[in-house]
Each structure stands twice: as structure tokens, then as C-alpha cells.
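# sequence unknown, structure follows:
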Ligand SMILES: *Cc1c(COP(=O)(O)O)cnc(C)c1O
């Protein structure tokens with residue numbers, strides 16, 4: 001980013017990569033054909049969509065016919081959950097207390113639903129999961145996120161998946177924060193369905209995908225009825241440019257991952273070392289088994305909103321949780337699920353980086369943050385020093 005600006009909100013959205021934009025451009029200009037048309041201009045679009053589908057499939061280790069493009073990560077979550085619940089209207093659903101709202105607001109329509117607790121380290125426990133399954137033998141669907149969007153903790157998905165597979169229970173995971181940030185292998189994870197979205201890994205906003213394992217595809221109804229696109233399950237002329245960009249972005253992310261994550265861990269450690277000098281600061285969620293680009297702190301005696309405004313005045317973009325809930329004064333449901341008291345859940349700061357994050361951006365953050373925290377505390381009636 002430019003000299004005195006720093007972007008630490010990559011869990012909300014990311015910058016489009018140059019290669020992604022370049023790959024998209026022809027499909028926004030001269031190659032505007034409809035993939036369903038039979039002449040060259042159309043078949044070229046069809047070919048581009050097929051190529052992108054193959055790229056996504058390679059990146060997460062599945063077959064191209066197991067990838068369905070959607071308009072967002074939220075849509076992928078809605079489809080996975082509603083699609084299964086429609087087919088089995090009476091049965092139980094198991095999820096966790098700290099899912100994204102694009103899961104929580106969908107499952108809550110169901111009467112019989114179990115929310116697995118999340119512990120203060122930021123993980124669900126397998127023992128709670130197996131107990132929930134035993135208590136609900138009619139469970140039709142389990143939906144547990146891969147990495148949490150506020151604290152970045154990575155859940156024991158492969159273990160949960162093994163148990164679901166043994167019992168024939170459908171298993172969906174919201175991997176929107178993980179894809180592009182850590183290696184994803186749907187075979188190793190034993191998932192039936194997985195959601196992802198392009199704008200979290202340097203593709204454009206408004207294009208995502210749902211992976212659906214071949215063997216369970218007949219259990220998932222179509223989401224948008226109309227034309228035959230996406231094997232008849234999600235009608236509507238394809239967002240060709242967006243899909244092409246998604247394919248390039250996921251390929252780029254996977255090929256660059258080791259180098260990128262080594263750098264991110266270095267930057268993250270610098271931030272951790274500096275924040276360790278700020279009194280009464282706590283890291284929310286364990287540092288182990290966490291996305292390499294994520295940190296989430298609470299500073300006792302400080303309002304999250306005030307902190308964000310002060311950071312903004314210093315050119316620093318950050319968030320106090322998910323972008324979807326900022327602007328509301330509710331404390332983060334994620335931090336509350338971890339058992340944090342309201343006043344601490346209110347005062348959180350989420351810092352999320354990307355391959356574009358520079359040492360200079362971290363410098364700016366680390367110069368400003370301690371001063372801002374001290375200044376806000378000096379003004380705060382909640383702070384006794
Ligand atoms: C961003 C996000 C979503 C929503 O994705 P959109 O493409 O913005 O709809 C869903 N789940 C998680 C965990 C996210 O971080």
C-alpha cells in the first residue's frame with residue numbers, strides 16, 4: 001500500500017491481484033460470448049469456465065464436476081445447508097456457536113439444532129461432537145467452519161469428517177477464510193461440501209464456489225432453477241470474468257503459499273512481540289493451529305470502535321471482528337462464544353494480513369498502536385491504570 005496507509009483487514013476482503021485482473025479483462029471486453037452459445041465466441045467462454053473449474057478442483061484436490069460456481073461464499077453456505085435441510089425436513093443439525101452468520105442465520109430455522117460450544121482457545125472439541133451425534137441419532141447435516149473469520153483458529157475438520165463419513169451424515173465446512181491461506185484437500189478432510197469465495201484470496205467480489213462430493217450430489221437439490229448451468233443446479237448465465245479470475249487467484253495462492261506464509265509468520269511475530277509490551281493486552285484464541293495471517297487482541301479498558309477510529313485517523317485499516325457486524329454495537333458473537341465477558345468482547349482488534357502486507361505497513365501499525373492504546377486509556381472511565 002502507499003506510504004502512510006496500512007491495510008490490516010484481509011479477512012474482510014482483499015485486493016485483486018494484477019494477474020487475476022489481466023486474466024479477467026478479455027472476458028469483460030472482446031470475449032463477451034455466452035458460454036451456452038454454440039459459435040466460437042460462446043465456446044471460448046465455455047472453455048474459459050471449464051479451465052477455471054479445473055483449476056479450482058486441482059487446488060482443493062477434487063474432480064472438476066464436483067465444483068459449482070456461486071455468487072458468493074454466503075450463497076455457497078446457504079445452498080449447502082438449505083439444500084440438505086429441504087430433503088430431510090425433520091432431522092437434526094449440528095453446528096458450532098461461532099460460525100459465520102451466513103451459516104447461523106440459515107440453520108436457526110431448524111427446531112432440532114445443536115450448537116457445539118467453543119472453548120477459550122478457539123476450538124470445538126471432538127468429545128462434544130460425538131456426544132451431540134449420540135444424542136441426535138437422526139442428524140442429517142453437520143456444518144462446522146474450517147478457520148474462524150475473527151480469530152483464525154482451524155477446527156479439527158478431518159476428525160469430524162471421518163466420524164460423519166462412518167455414519168453417513170452429510171458434512172459441510174465453511175472454508176471461506178482458509179482457501180488461499182492454507183492448503184485445502186477435500187479428500188484428506190473427509191468433507192462432503194465446502195464453501196469458498198474469491199474475494200478473500202485476491203479474486204473479485206461476487207464469485208464463489210461450493211464443492212460437492214460426487215457421491216452426495218443427488219442429496220443436494222438445485223439452488224436456482226432455470227437454465228442448465230452448473231449441471232442444472234445453479235441456473236443463470238455464468239460470471240465468466242469473475243470465474244476466470246477465481247481460477248487464476250486460487251492457482252496463484254496455492255503455488256505461492258509456502259513463501260507467502262513464511263513471510264506472514266515473520267510479520268505476525270513482530271506484531272506479537274510488540275503487543276507483548278502493552279499492559280493488559282490479550283490474544284484471543286490460541287496461536288497454534290491458526291491462520292498465519294490472523295491476530296485478534298483485546299485491550300482492557302478500551303472500546304473497539306474508538307480504537308478503530310483512531311487507527312483510521314493514522315491511515316490504518318483494521319476491524320473489530322467481522323465486517324458484517326461492525327456498524328452494530330453488538331459484541332462479537334465469536335468472542336462471546338469463547339466465553340469472554342461483554343466488555344472484553346467489545347474491545348477487540350482483528351488484524352489480518354495478505355501477501356501484499358509490507359514491513360512498512362507493520363512499522364506504521366507498531367508505531368501507532370501503543371500510543372493510541374495509551375491515549376484511549378487515559379481518557380477512559382473504565383481504565384484505572
Ligand atoms: C467472508 C466470509 C463469508 C462470506 O463470503 P461472501 O463471499 O462475502 O458472501 C462466509 N464465511 C466466512 C467464514 C467468511 O469469512
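That came through, no problem. Just so it is clear, the model here is predicted, and its values are computed rather than measured.
# Give me the average confidence score over the host helix or strand of residue 254.
Assessed by DSSP states H and E, residue 254 sits inside helix 240-255. In this model, helix 240-255 carries a mean pLDDT of 98.
# How about that helix and the ligand, any contact?
No. With CB under 6 Å from any ligand atom as the criterion, the ligand is not reached by helix 240-255; the gap is at least 11.0 Å. Heads up, the C-betas are built off the backbone N, CA and C, glycines and all.
# on contacts alone, who are the packing partners of that helix?
With contacts defined as 3 or more CB pairs under 8 Å, 6 or more residues apart in numbering; DSSP states H and E, helix 240-255 has these neighbours: helix 18-28, helix 40-60.
# Can you say which of these is nearest to residue 138?
helix 40-60 (30.1 Å; CB to CB).
# how about the helices and strands packed on helix 240-255, which one is nearest the ligand?
helix 40-60 (14.6 Å; CB to the nearest ligand atom).
# in its sheet, what does the helix or strand following the closest one sit against?
Next along the chain after helix 40-60, taking DSSP H and E as the criterion, comes strand 67-70. Within its sheet, and counting by DSSP bridges, strand 67-70 is paired with strand 208-212 (antiparallel).
# So what touches the strand it pairs with?
Strand 208-212 is contacted from outside by 56, 60, 62, 66-76, 79-80, 176, 186, 191-198, 220, 246, using CB atoms under 8 Å, 6 or more residues apart in numbering.
# That one relative to helix 40-60, how many degrees between them?
Angle, strand 208-212 to helix 40-60, by axes from the mean of the first three to the mean of the last three CA atoms, to 10 degrees: 60 degrees.
# Next, the angle helix 240-255 makes with strand 208-212.
70 degrees.
# Need the three-state assignment for the closest residue to residue 333 other than its chain neighbours.
Distance criterion CB to CB, 6 or more residues apart in numbering; nearest residue to residue 333, sequence neighbours excluded, is residue 98 at 6.7 Å. Per DSSP: H, G, I helix; E, B strand; the rest coil, the local secondary structure of residue 98 is coil.
# Any chance of TSV for the helices and strands packed on helix 240-255, columns mean pLDDT?
Formatted as TSV, the helices and strands packed on helix 240-255 follow (pLDDT from 0 to 100):
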stretch	mean pLDDT
helix 18-28	98
helix 40-60	98
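# With distance to the ligand and mean neighbour count as new columns, can these be given to me in JSON lines?
JSON lines is the format used below for the helices and strands packed on helix 240-255 (distance: least, CB to the nearest ligand atom, whole Å; neighbours: other CB atoms under 10 Å):
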{"stretch": "helix 18-28", "distance to the ligand": "16", "mean neighbour count": "17"}
{"stretch": "helix 40-60", "distance to the ligand": "15", "mean neighbour count": "18"}
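# Can you get me a residue count around the residue in the chain that the ligand sits nearest to?
Proximity of the chain to the ligand (CB to the nearest ligand atom) peaks at residue 73, 2.6 Å away. Counted with other CB atoms under 10 Å, the neighbours of residue 73 add up to 26.
# Could you check how far the helix or strand of the chain with the lowest mean pLDDT is from the centre of its chain?
One helix or strand of the chain scores below all others by mean pLDDT, DSSP states H and E: helix 342-346, with a mean of 81. In terms of CA atoms, centre = their mean, to the nearest Å, the centre of helix 342-346 is found 23 Å from the chain centre.
# Once you drop chain neighbours, what's closest to residue 233?
residue 222 (4.2 Å).
# Doesn't the one you found belong to a strand?
No. Residue 222 sits outside any strand when classified using three-state DSSP, being coil.
# circling back: closest to residue 331 out of the helices and strands packed on helix 240-255?
Between the helices and strands packed on helix 240-255, helix 40-60 lies closest to residue 331; by CB to CB that is 33.8 Å.
# Between helix 18-28 and that closest one, find me the angle.
Using the same axes, to 10 degrees, helix 40-60 lies at 150 degrees relative to helix 18-28.
# Contacts for helix 40-60, please.
27, 31-37, 63-64, 66-67, 69, 179, 184-186, 194, 196, 209, 211, 238, 240, 243-244, 246-248, 250-251, 253-254.
# give me the beta-bridge partners of the spatially closest residue to residue 143 that is not a sequence neighbour?
In space, and not counting its chain neighbours, residue 143 is closest to residue 172: 4.4 Å by CB to CB, 6+ apart. Beta bridges link residue 172 to residue 143, residue 193 when assigned by DSSP bridges.
# Isn't residue 172 up against residue 146?
No. Judged on CB atoms under 8 Å, residue 172 makes no contact with residue 146 at a distance of 10.5 Å.
# any common contacting residues for these two?
Common neighbours of residue 172 and residue 146 (CB under 8 Å, 6+ apart) are residue 194.
# would you list every one of the strands in the stretch 51-200 of the chain?
Here the stretch 51-200 of the chain has its strands, by DSSP state E, counting those that start in this stretch, at 67-70, 92-96, 113-116, 139-143, 170-174, 193-197.
# pLDDT averaged over the last one - what is it?
Per-residue confidence for strand 193-197 averages out to 98 on the pLDDT scale.
# pLDDT weak spots in the protein?
1-3, 321-329, 382, 385 (pLDDT under 70).
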